[in-house]
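**Student:** how does the following fold in three dimensions:
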Amino acid sequence: MVALSENVAVAARPEVARRAPSPVGDRIFRVAALASALLVLLVLAGILASIAYGGWPAFQTFGPGFLVSSAWNVGREEYGALVAIIGTLVSALLALVIGVPISLGIAIYLTQLCPGWARRPVAMTIELLAAVPSIIYGMWGLFIFAPLFARFVQIPVSSVVEGMPVVGTLFYAQVPSGVGVLTAGIILAIMIVPFVASITRDMLDQIPTVLRESAYGIGCTTWEVVRHVLIPQASVSIIGAIMLGLGRALGETMAVTFVIGNANRLSASIFDPGSTIASRIANEFNEADGMQLNALMALGCILFIVTFIVLIVARLLVRRAKVA
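**Tutor:** Residues are numbered from 1 along each chain as shown. Predicted structure coming up:
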């Protein structure tokens, strides 16, 4: 009887009419969203305009030769960006060559092979690497890794490959101090592994289980499932993760400054010291003045453009992977 009375009371209540949405609130929301998007574009345009304005005297003085000149003489006010550009690209490429296979291996292990009790601790440990400040990587690389790398890698390898064609050029250290382009590439590879591995792991987890079980059901091995099912399904996200790691490697400053050697010379050996755009700016910007400051600003503009080109290439690769 009580329940019946409650049902009758609920049914007897008049329906409350829904109020019409306020056009003012909707308009405020649209304006706020548009302002947020425009703010990002304005900040980006402001940064590009400021560094382009600061570097314009260098571009105007040296012309296109600034991009292909290896000179960097403060006394004579002769500046070129070639050494820094090549050092930036080579160290980032080495980081990808070393870091991407390791990242893919970590992601595949965590999603396919790792026992359940160890999956979370291993994943958390990998992700914690992303929280380590870059200067810590640089200090560890300079004081711990570089001496060991010189003793156990550079000196033995240089003694073996000395005089050999091609290999003797690429892997011979004139002064085996441990610092150099390859050392910077290894440190950068360690730094990008958490980003690439985490994104790849999350994407592999999103693949429907039925696809894996179907592949195993027709007799595929784990390698065949990874090669023909998981990687093709997550290829777009993997490309995005790799490009994110590349952007991280191109713009890294402090860690590279510690371990690359900061030498303004071109060398065919990846064991020899070199320089990157970010490391040169970090080393000289505090005391730079006049044309040297303009040249550093021009280097910053070049790095901005290189990063922008990487972003465009990433978008094209993602689009191509989606079409395929």
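**Student:** can you give me the neighbour number for Val83?
**Tutor:** Neighbour count of Val83, defined by other CB atoms under 10 Å: 22. Using the backbone N, CA and C atoms, a C-beta is placed for each residue, glycine as well.
**Student:** my bad, Thr61
**Tutor:** By other CB under 10 Å, 15 other residues sit near Thr61.
**Student:** for the closest residue to it other than its chain neighbours, what are its contacts?
**Tutor:** Excluding the flanking residues, the one nearest Thr61 by CB to CB, 6 or more residues apart in numbering is Met291, at 6.9 Å. Taking CB atoms under 8 Å, 6 or more residues apart in numbering, we find Met291 in contact with Pro57, Ala58, Thr61, Glu77, Tyr79.
**Student:** what do you get if the cut-off is 10 Å, keeping everything else the same?
**Tutor:** Applying CB atoms under 10 Å, 6 or more residues apart in numbering to Met291 gives the contacts Pro57, Ala58, Thr61, Phe62, Val74, Glu77, Glu78, Tyr79.
**Student:** what of Cys301?
**Tutor:** Residues near Cys301 by CB under 10 Å, 6+ apart: 47-56, 58-59, 81, 277.
**Student:** packing partners for the host helix or strand of Gly247?
**Tutor:** Following DSSP states H and E, one finds Gly247 within helix 235-251. The contact analysis (3 or more CB pairs under 10 Å, 6 or more residues apart in numbering; DSSP states H and E) places helix 235-251 against helix 82-108, helix 181-206, helix 277-284, helix 291-323.
**Student:** so Cys114 sits against Ala123, correct?
**Tutor:** Yes: contact criterion CB atoms under 10 Å: Cys114 and Ala123 qualify, at 8.6 Å.
**Student:** what are the buried residues along the helix or strand just after the helix holding Gly247?
**Tutor:** Toward the C-terminus, helix 235-251 is succeeded by helix 254-259 as the next helix or strand (DSSP H and E). Buried residues in helix 254-259, counted by 16 or more other CB atoms under 10 Å: Met254, Ala255, Val256, Thr257, Phe258, Val259.
**Student:** as CSV, the residues you listed with pLDDT would be great.
**Tutor:** Shown next, in CSV, are the buried residues of helix 254-259 (pLDDT from 0 to 100):
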residue, pLDDT
Met254, 92
Ala255, 94
Val256, 95
Thr257, 95
Phe258, 95
Val259, 96
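**Student:** now tabulate those residues in TSV and tack on distance to Ala92.
**Tutor:** Shown next, in TSV, are the buried residues of helix 254-259 (distance: CB to CB, whole Å):
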residue	distance to Ala92
Met254	16
Ala255	13
Val256	10
Thr257	15
Phe258	17
Val259	14
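**Student:** please enumerate the helices of the stretch 1-150 of the chain.
**Tutor:** Assigned by DSSP state H, counting those that start in this stretch, the stretch 1-150 of the chain shows helices spanning 2-12, 23-62, 65-68, 82-108, 116-128, 134-140, 146-149.
**Student:** could you identify which of those helices is most buried?
**Tutor:** helix 82-108 (a mean of 21; mean count of other CB atoms under 10 Å).
**Student:** what angle do it and helix 277-284 make?
**Tutor:** 120 degrees (axes from the mean of the first three to the mean of the last three CA atoms, to 10 degrees).
**Student:** tilt between helix 82-108 and helix 291-323?
**Tutor:** 40 degrees.
**Student:** the inter-axis angle of helix 82-108 versus helix 116-128?
**Tutor:** 160 degrees.
**Student:** and helix 82-108, how far from the chain's centre?
**Tutor:** Taking CA atoms, centre = their mean, to the nearest Å, one finds helix 82-108 lying 9 Å from the centre of the chain it belongs to.
**Student:** need the residues touching each of Cys114 and Ala123.
**Tutor:** Ile106.
**Student:** just the element for Ala263, please.
**Tutor:** Assessed by DSSP H and E, Ala263 sits outside every helix and strand.
**Student:** distance check, it against Phe143.
**Tutor:** Separation of Ala263 from Phe143 (CB to CB, to the nearest Å): 19 Å.
**Student:** export the contacts of Met291 to a markdown table and tack on distance to Leu89?
**Tutor:** Shown next, in a markdown table, are the contacts of Met291 (distance: CB to CB, whole Å):
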| residue | distance to Leu89 |
| --- | --- |
| Pro57 | 25 |
| Ala58 | 20 |
| Thr61 | 24 |
| Phe62 | 20 |
| Val74 | 24 |
| Glu77 | 26 |
| Glu78 | 22 |
| Tyr79 | 19 |
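**Student:** how about Glu78, nearest residue that isn't a chain neighbour?
**Tutor:** Going by CB to CB, 6+ apart, Glu78 has Ala71 as its nearest residue, at 4.3 Å.
**Student:** that older thread, what's the angle from the helix holding Gly247 to helix 277-284?
**Tutor:** Angle between the axes of helix 235-251 and helix 277-284 is 20 degrees (criterion: the same axes, to 10 degrees).
**Student:** can you give me how far helix 235-251 is from the chain middle?
**Tutor:** Centroid displacement of helix 235-251 relative to its chain, using CA atoms, centre = their mean, is 5 Å.
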